[in-house]
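**Student:** Quick one, what's the 3D model for this:
(chains A and B)
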Amino acid sequence: MIEIIDLHKSFNGQKVLNGVNLKIAEKEVVTIMGISGCGKSVLIKHIIGLLMPDRGSISIEGVDITRLDTKALDKIRERLGVLFQGGALFDSLTVYGNIAFPLREKTKLSKGEIRDRVLNALDDVGLKGMGKKYPGELSGGMKKRVAVARALISEPAIVLFDEPTTGLDPIIASSIHVLIKATHKKYGYTGVVISHEVPKIFEVTDKVAMLHNGIIIEVGTPEEIQNSTNLIVRQFITGSHEGPIEY
Amino acid sequence: MGTLLRIIGLWTISQLRTIGHMFVFLLNSFYFIFIPPFKFRLLLRQIRFFGNKSMLVILLTGSFTGMVLALQLFYILRKFGSDALLGPGIALSLIRELGPVLSALMVTGRAGSALTAEIGMMRISEQIDALTAMALNPIRYLIVPNIVAALIVFPLLVAIFNVIGIFGGYLVGVEVLGISSGTYFSLMEDYVVMKDIMVGFYKSISFGLIVSWICCYKGFYTGYGAAGVSKSTTEAVVLCSILILIWDYFLGAVLL
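**Tutor:** A predicted model of the protein is given here:
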């Protein structure tokens, strides 16, 4: 479904991605974890096509998106749903308007059909009756829920979650994890989750990949990662300040 | 000496690259003006944005500009015994020069800065990335409506500025300084010709383009964080103000 091969990216001479290799199968949820600033968000921006690599390729459903023009890339993007780190909700639109936006702009659904789908989505994310509020009136957790609803409203084949629980308290974070699990069960999308919420994120993911120094140093099931003998992985999971990871 | 030349050379290349980038951005925006789907709702919203944000400031500056012009021109014209020319003097100054320039500067400070800040905030909060990720073109959604709205709104705001300015001049010239009402308006009809109005119109259209282009560009390519948006907003206002005055001179010289 998604295959990243030897991906390299530098900014102003500083290497961020240094040969990332990762394979994500259809309908699988994979979490990419790593320390802050290790390039997780840069990697996800490559999958969306917001950044182009210096070297390497990203294939989505067998198509190398690094070689596509804007029009062809947009065709791929239509199959993606993205939850951005800060939610990226449009300030000028209400919650309803934000969730309805992709449907209004990219589909020919009637007003009634859009209304039904948006109200269902609001119900799914536990925000029934909040459609008239503006993003500025919502708490961080509510914004994330709206962003989840917007990312899923077009029923995309692939959903990318960029740090879906950053900045949220443990209870709200847990509710977002439950939401990801429930929506994955309902829609059956292929998911990529960027997170450093260990061990909680292990509950919602099929596979975990650890990104460190610009490469994926280990991939495995949550159990395999939790039992890993790799010192870097172990230090990250235990959250110890002592170990091979230097700050 | 060699180091100095190198620094100047690098600075020049960097500036030329920025100018080239700005023109590509403008051409790209123009391209999407003519390519459907057209976003009429967004256009109306931006027309309201420019008009609503700038109307009060245009009314205030227009009326006081006319009043000050009346005072100063009356003082000068009386020395030559030509105080009857106060009406046409005010009208020509406003229509050909002060109306377009001062309106553009005011709109830059009021709506232009807000536009840069708004687009800049959209950039740093990933709203522009979200549009791209939805396979929607941010130029079509954010930039085109602003450029078209400015091309429509600027001439209208300038017209309002001129009318209010002429009325402000009337208040001071006729009610305070004692010029007859008939003289104020009848000579204006004789001296102001269609060419003068067209000069003001061309200026207002081109200033609309400059302000919307620069403010959108600076917001679209803002730096990181609040400091980046703040810097972009300041740069947009300063650059717009300078370009307005430079372009005003060249257009004025050509259309004289």
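**Student:** Enumerate every residue touching the residue nearest to the spatial centre of chain A.
**Tutor:** By Cα atoms, centre = their mean, the mean C-alpha position of chain A lies nearest to A:Phe161, the distance being 1.7 Å. Applying Cβ atoms under 8 Å, 6 or more residues apart in numbering or on different chains to A:Phe161 gives the contacts A:Leu83, A:Val148, A:Ala151, A:Ile180, A:Gly191, A:Val192, A:Val193, A:Ile194, A:Ser195. (Glycine included, C-beta is placed from N, CA and C.)
**Student:** starting at the chain centroid, how far to the helix or strand of chain A with the lowest mean pLDDT?
**Tutor:** Least confident helix or strand, chain A: helix A:170-187 with a mean of 88, by mean pLDDT, DSSP states H and E. Its chain's average C-alpha position is 13 Å from that of helix A:170-187, according to Cα atoms, centre = their mean, to the nearest Å.
**Student:** and the helix or strand just after that helix, which strands flank it?
**Tutor:** Heading C-terminal from helix A:170-187, the first helix or strand you meet, by DSSP states H and E, is strand A:190-194. Take DSSP bridges as the rule and strand A:190-194 pairs in its sheet with strand A:29-33 (parallel), strand A:158-162 (parallel).
**Student:** In strand A:190-194, which residues are buried?
**Tutor:** Across strand A:190-194, burial judged by 16 or more other Cβ atoms under 10 Å in any protein chain shown covers A:Thr190, A:Gly191, A:Val192, A:Val193, A:Ile194.
**Student:** Going by residue numbers, what spans are helices in chain A?
**Tutor:** For chain A, the helices defined by DSSP state H cover A:40-48, A:70-77, A:95-106, A:111-124, A:140-152, A:170-187, A:222-226, A:231-238.
**Student:** Could you look over those helices and pick the most buried one?
**Tutor:** helix A:140-152 (a mean of 24; mean count of other Cβ atoms under 10 Å in any protein chain shown).
**Student:** and stretch B:25-44, what's its mean pLDDT?
**Tutor:** Stretch B:25-44 shows an average pLDDT of 94 in the prediction.
**Student:** From one end of it to the other, what's the distance?
**Tutor:** The first residue of stretch B:25-44 is 22 Å away from its last residue (Cα to Cα, to the nearest Å).
**Student:** Check what contacts it and list those residues.
**Tutor:** Outside stretch B:25-44, the residues touching it (Cβ under 8 Å, 6+ apart) are B:137, B:139-141, B:143-145, B:147-149, B:213, B:216-217, B:220.
**Student:** so of those, which ones are in strands?
**Tutor:** Judged by DSSP state E, the subset of these located in strands is empty.
**Student:** wait, which of those is closest to A:Asn120?
**Tutor:** Nearest to A:Asn120 out of those is B:Tyr141 (Cβ to Cβ; 26.0 Å).
**Student:** close enough to count as contact, the closest one and B:Met134?
**Tutor:** No: between B:Tyr141 and B:Met134 there is no contact under Cβ atoms under 8 Å: 9.9 Å.
**Student:** which one of those two has more residues nearby?
**Tutor:** Legend: neighbour count by other Cβ atoms under 10 Å in any protein chain shown for B:Tyr141 and B:Met134, higher for B:Met134 (22 against 18).
**Student:** How about the residues of chain A by chain B?
**Tutor:** Proximity of chain A to chain B (Cβ under 8 Å from any Cβ of the partner chain) is limited to residues A:45, A:48-50, A:74-75, A:77-78, A:80, A:82, A:84-86, A:88-91, A:101-102, A:105-106.
**Student:** Minimum distance to B:Trp11: which of the strands paired with strand A:190-194 has it?
**Tutor:** strand A:158-162 (37.1 Å).
**Student:** ok so, going back, columns pLDDT on top of the buried residues of strand A:190-194, output as a markdown table?
**Tutor:** Below are the buried residues of strand A:190-194 laid out as a markdown table (pLDDT from 0 to 100):
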| residue | pLDDT |
| --- | --- |
| A:Thr190 | 96 |
| A:Gly191 | 95 |
| A:Val192 | 96 |
| A:Val193 | 95 |
| A:Ile194 | 94 |
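**Student:** Looking at those residues, which is nearest A:Cys38?
**Tutor:** Checking those one by one against A:Cys38 (Cβ to Cβ), the nearest turns out to be A:Ile194, at 10.3 Å.
**Student:** Can you give me the distance of the closest residue to that closest one other than its chain neighbours to B:Gly120?
**Tutor:** Distance criterion Cβ to Cβ, 6 or more residues apart in numbering or on different chains; nearest residue to A:Ile194, sequence neighbours excluded, is A:Lys40 at 4.4 Å. A:Lys40 sits at a distance of 25 Å from B:Gly120 (criterion: Cβ to Cβ, to the nearest Å).
**Student:** wait, isn't B:Phe207 in contact with B:Gly99?
**Tutor:** No: if you go by Cβ under 8 Å, B:Phe207 and B:Gly99 don't touch, sitting 10.5 Å apart.
**Student:** For the residue nearest to the centre of chain A, report the pLDDT, please.
**Tutor:** For A:Phe161, the pLDDT comes out at 95.
**Student:** how far away is it from A:Leu73?
**Tutor:** On the measure of Cβ to Cβ, A:Phe161 and A:Leu73 end up 21 Å apart.
**Student:** can you give me the helices for the stretch 51-200 of chain B?
**Tutor:** Assigned by DSSP state H, counting those that start in this stretch, the helices in the stretch 51-200 of chain B fall at B:86-92, B:99-107, B:113-124, B:127-133, B:138, B:144-170, B:181-191, B:194-220.
**Student:** Can you list the low-confidence ranges for chain A?
**Tutor:** Along chain A, segments meeting pLDDT under 70 span A:247.
**Student:** rewinding a little: greatest separation within the contacts of A:Phe161: which pair is it?
**Tutor:** Of all pairs drawn from the contacts of A:Phe161, the greatest distance, 15.2 Å, lies between A:Ala151 and A:Ser195 (Cβ to Cβ).
**Student:** what angle separates the lowest-mean-pLDDT helix or strand in chain B from helix B:144-170?
**Tutor:** Between all helices and strands in chain B, the lowest mean by mean pLDDT, DSSP H and E belongs to helix B:181-191, at a mean of 91. When axes from the mean of the first three to the mean of the last three Cα atoms, to 10 degrees is applied, the directions of helix B:181-191 and helix B:144-170 differ by 130 degrees.
**Student:** quick one: helix B:181-191 to chain centroid distance?
**Tutor:** With Cα atoms, centre = their mean as the basis, helix B:181-191 stands 29 Å off its chain's centre.
**Student:** Also stretch B:65-72?
**Tutor:** 22 Å.
**Student:** tell me the mean pLDDT for that stretch?
**Tutor:** Stretch B:65-72 comes out at a mean pLDDT of 96.
**Student:** got the buried residues for it?
**Tutor:** B:Thr65, B:Gly66, B:Met67, B:Val68, B:Leu69, B:Ala70.
**Student:** what's in contact with that stretch?
**Tutor:** With Cβ under 8 Å, 6+ apart, stretch B:65-72 has contacts from B:86, B:89-90, B:93-94, B:98, B:102, B:161, B:164-173, B:176-177.
**Student:** In contact with the closest residue to B:Gly225 other than its chain neighbours, which residues?
**Tutor:** Using Cβ to Cβ, 6+ apart and skipping residues adjacent in sequence, the residue nearest B:Gly225 is B:Ile124, 6.3 Å away. The contact partners of B:Ile124, by Cβ under 8 Å, 6+ apart, come to B:Thr222, B:Tyr224, B:Gly225, B:Ala226, B:Gly228, B:Val229.
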